[in-house]
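A.B. asks: here is my input; please provide its structure:
(one chain, ligands or ions: 1)
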Amino acid sequence: MRVTVIGGGISGLVTAHRLAPHHQVTVYEAADRLGGCLRATTLDGAFPAGLDIGAEASLNRRRETRELAAELGLASVFPSPAHSSQVYARGSLHPIPKRTVMGVPADPADVAELLGPAASERVAAEELSPPIPGDDVSLGEFLAERLGADLVDTLVDPLLGGVYAGRCRDLSLAATVPALLPAARNGTSVLDLVRDLIAARETKAEPPGPVFMSLVGGINRLIPALAERIQAHGAQIRLGTAVESLTAVADGWSVRTAEAEEAADAVVVATPAHVARRLLAEAAPTAASHLGGIPYASTALVLALVEVGARPLEGSGLLIPPTEASFIKAATHVSNKWPWVDERLPAGTAAVRMSIGRFGDDPRTWQDLSEAEVVERAFADWQSITGRTDRLVAAELRHWDAALPQYLPGHAEAVAAIDAALAGVPGLELAGSAYLGVGIPACIERAEAVAARLETTTTDENTKKEQE
Ligand SMILES: Cc1cc2nc3c(=O)[nH]c(=O)nc-3n(C[C@H](O)[C@H](O)[C@H](O)COP(=O)(O)OP(=O)(O)OC[C@H]3O[C@@H](n4cnc5c(N)ncnc54)[C@H](O)[C@@H]3O)c2cc1C
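C.D. replies: Predicted coordinates:
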């Protein structure tokens, strides 16, 4: 079978990796590099081993990334247990409470230091609300009604914002924190539910292991390892080649780029939903119209090398709630978080990663600024929040435009409708971060499911042909 994979991010490459041993695979990538949201930088040679300037870790408690890394011969590394993250609230930094489900505490006393007495009393005095009318609700609205706006603004929003670059009042409870959905659907206490979930977590016989993993050189190292395996099976990778349109033809698909038109038996569209919408407009208009309803957030990262001298950084990073007047929304103390980075940095220096931008931002707040202005403002903000005066040695800004899909209430139904519409279009599949989850494991899960479905279809068709 000739398979065309459109998009050379983790989703497209995992699909290609699974299909390349048995099929004739071609990957089209619009950019001049593979990886999409996974990207390395050496900061102009200042850190030759390379650091992530896109995604920087993957959930370790899901199997997908861990197992893929092991299969590719890459050893997982884990964050240092010596450091933890903080949240900036009311002018100072506070430890992030540990016993929570996405910021909702098992015990309201655990958030008292962070929120102050009045707001933590409001959390404790949960106001029950009737069962929600449909299957889904805004996560932020639901929790604000139950537990008060302060918990949502100070803790839930920055925690969730780190994943989606979105505001939790916009996002779907069912798609982002499904563990809390029963309280909304049944009109029962969310505090009781979290207490039960955390008790179950704590009574597990085996310790759960580190939450996150990465690789030496960064999680981006998955990309060259995948590309090598894919090409070893004879697959073609075409960089700098955007697919412009897809047309269903008698015996498959016609894939058009600026230079050529090529035939395929099956096509996997592994681009962001806004590109998939355009490519599917003719072949699968119902799916395309649902894809058009998935908005995206833009964000940016500044990665900096900082001279800290004899005064090391504290903690693995900090989150800043959107209610604080701050240019950055988070900072990761990369060299405290990842021991492999610390081991490779010159003595007296540290690596800091600062994130900017949330869904719905006015472009004038940061998108329209020059690189020098963004770096200067981000670093000044970080210095003022941490109370430090370190010297900036090197820095790089990377814009991530329309990169993070926003899972609005009703997202799961929209994805079910997309999948149902595609079930009637043989040989056309969608992979990517817009469907099952934005994290790397969810992208791998979807990509593997797509590859398995195409394998089954070909096996079924071959059996049918043999029988005829
Ligand atoms: C700044 C940032 C930080 C993140 N941090 C984390 C993290 O720490 N952990 C985590 O689990 N997740 C993280 N994520 C999310 C995760 O990285 C992404 O959801 C995931 O990598 C998406 O992979 P993908 O292959 O589906 O899409 P993408 O990575 O977007 O790849 C799609 C590819 O398609 C290409 N393309 C687009 N149009 C065309 C076309 N017409 N023809 C051919 N090619 C085309 C693009 O150039 C791109 O390379 C982060 C995301 C961002 C933006």
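A.B. asks: buried sites along the helix or strand harbouring Val275?
C.D. replies: Taking DSSP states H and E as the criterion, the element that holds Val275 is helix 273-280. Neighbour counts using 16 or more other C-beta atoms under 10 Å place Ala273, Val275, Ala276, Arg277, Arg278, Leu279, Leu280 of helix 273-280 among the buried residues. Yep, even glycine has a C-beta here, placed from its N, CA and C like the rest.
A.B. asks: identify the residue spatially nearest to the first one, adjacent ones excluded.
C.D. replies: Across the structure, with C-beta to C-beta, 6 or more residues apart in numbering as the measure, the residue nearest Ala273 apart from its sequence neighbours is Ala434 (3.9 Å).
A.B. asks: show me the contacts for that neighbour.
C.D. replies: Neighbour list for Ala434: Pro272, Ala273, Ala276, Leu291, Ile294, Pro405, Val415 [criterion: C-beta atoms under 8 Å, 6 or more residues apart in numbering].
A.B. asks: that one in helix, strand or coil?
C.D. replies: Here Ala434 is recorded as coil under DSSP: H, G, I helix; E, B strand; the rest coil.
A.B. asks: distance of it from the ligand?
C.D. replies: Counting by C-beta to the nearest ligand atom, to the nearest Å, the gap from Ala434 to the ligand is 8 Å.
A.B. asks: measure how buried the residue in the stretch 51-200 of the chain positioned nearest to the ligand is and give me the count.
C.D. replies: Closest approach between the stretch 51-200 of the chain and the ligand, counting by C-beta to the nearest ligand atom: Ala55, at 3.2 Å. Other residues within reach of Ala55, judged by other C-beta atoms under 10 Å, total 24.
A.B. asks: near the ligand, which residues of the stretch 51-200 of the chain show up?
C.D. replies: Gly54, Ala55, Glu56, Ala57, Ser58 (C-beta under 6 Å from any ligand atom).
A.B. asks: how about the last one: what's its closest non-neighbour residue?
C.D. replies: Right, the one you point to is Ser58. Excluding its sequence neighbours, the residue lying closest to Ser58 (C-beta to C-beta, 6+ apart) is Thr65, at 3.8 Å.
A.B. asks: did I read that right, the one you found in a helix?
C.D. replies: Yes. Thr65: assigned to a helix according to three-state DSSP.
A.B. asks: report the contact partners of it.
C.D. replies: Ser58, Leu59, Met213, Ile219, Leu222, Ile440, Pro441, Ile444.
A.B. asks: could you rerun that using 10 Å?
C.D. replies: Contact analysis of Thr65 by C-beta atoms under 10 Å, 6 or more residues apart in numbering lists 10, 57-59, 76, 212-215, 219, 222, 439-441, 443-445.
A.B. asks: restricted to strands, list these.
C.D. replies: In this view, those that belong to strands under DSSP state E are Ser58, Leu59, Ser76, Phe212, Met213, Ser214, Leu215.
A.B. asks: how close does the last one sit to Ala55?
C.D. replies: In this structure, Leu215 and Ala55 are 11 Å apart, going by C-beta to C-beta, to the nearest Å.
A.B. asks: joint contacts of those two?
C.D. replies: Residues touching both Leu215 and Ala55 (C-beta under 10 Å, 6+ apart): Leu222.
A.B. asks: please state the backbone phi and psi of Ala258?
C.D. replies: For Ala258, the backbone dihedrals (degrees, to the nearest 10) come out as phi -60, psi -30.
A.B. asks: next, the contact list for the closest residue to it other than its chain neighbours, please.
C.D. replies: Once flanking residues are discounted, Ala258 sits nearest to Glu244: 6.5 Å by C-beta to C-beta, 6+ apart. Counting by C-beta under 10 Å, 6+ apart, Glu244 touches Ala30, Val255, Arg256, Thr257, Ala258, Glu261, Arg278, Leu279.
A.B. asks: and Cys443, by the same measure?
C.D. replies: Contact analysis of Cys443 by C-beta under 10 Å, 6+ apart lists 9-15, 36-38, 55, 58, 64-65, 270, 431-437.
A.B. asks: please apply the same query to Thr386.
C.D. replies: Going by C-beta under 10 Å, 6+ apart, the list of residues near Thr386 reads Gln86, Tyr88, Leu93, Leu313, Glu314, Gly315, Leu318, Ala331, His333, Val352.
A.B. asks: need the three-state assignment for the last one.
C.D. replies: Spelled out, it's Val352. strand.
A.B. asks: cool, and the third one?
C.D. replies: Of the three states, Leu93 takes strand under three-state DSSP.
A.B. asks: quick check on the residue nearest to it when sequence neighbours are not counted: phi, psi?
C.D. replies: In this structure, Leu93 finds its nearest non-sequential neighbour in Gln86, 4.3 Å apart by C-beta to C-beta, 6+ apart. Dihedral pair for Gln86: phi -130, psi 160, per degrees, to the nearest 10.
A.B. asks: what's opposite Gln86 in the beta bridge?
C.D. replies: Note on Gln86: beta-bridge partners Pro95, Leu318, judged by DSSP bridges.
A.B. asks: contacts only, for the closest residue to Leu114 other than its chain neighbours.
C.D. replies: Among residues not flanking Leu114 along the chain, His94 sits closest, at 4.5 Å (C-beta to C-beta, 6+ apart). His94 is in contact with Gln86, Val87, Tyr88, Val111, Glu113, Leu114, Leu115, Thr154, Leu155, Leu318, counting by C-beta under 10 Å, 6+ apart.
A.B. asks: local confidence estimate at Leu38?
C.D. replies: pLDDT recorded at Leu38 is 98.
A.B. asks: give the contact list for the closest residue in space to it that isn't next to it in sequence.
C.D. replies: The shortest distance from Leu38 to any non-neighbouring residue, by C-beta to C-beta, 6+ apart, is to Asn220 (4.3 Å). When contacts are counted by C-beta under 10 Å, 6+ apart, Asn220 touches 10, 34-35, 37-41, 50-56, 214.
A.B. asks: tell me the domain ranges of the protein?
C.D. replies: 2-36+219-294+407-467, 98-202, 296-405 (automatic domain parsing).
A.B. asks: of all the ones you listed, which lies closest to Glu71?
C.D. replies: Among the domains of the chain, the nearest to Glu71 by C-beta to C-beta is domain 2-36+219-294+407-467 (8.8 Å).
A.B. asks: now do the closest one: distance to the chain's middle.
C.D. replies: Once both centres are worked out by C-alpha atoms, centre = their mean, to the nearest Å, domain 2-36+219-294+407-467 turns out to sit 19 Å from its chain's centre.
A.B. asks: which elements pack onto the strand or helix carrying Leu193?
C.D. replies: Element membership for Leu193, per DSSP H and E: helix 190-202. Applying 3 or more C-beta pairs under 10 Å, 6 or more residues apart in numbering; DSSP states H and E, one finds that helix 190-202 makes contact with strand 100-101, strand 104-105, helix 139-147, helix 181-186.
A.B. asks: pick the most deeply packed of the ones you listed.
C.D. replies: Ranked by mean neighbour count, the helices and strands packed on helix 190-202 are led by strand 104-105 with a mean of 28 (mean count of other C-beta atoms under 10 Å).
A.B. asks: strand partners of it, parallel vs antiparallel please.
C.D. replies: When DSSP bridges is applied, strand 104-105 pairs with strand 100-101 (antiparallel).
A.B. asks: for the stretch 351-468 of the chain, what spans make up the strands?
C.D. replies: In the stretch 351-468 of the chain, the strands defined using DSSP state E, counting those that start in this stretch lie at 391-405, 428-430.
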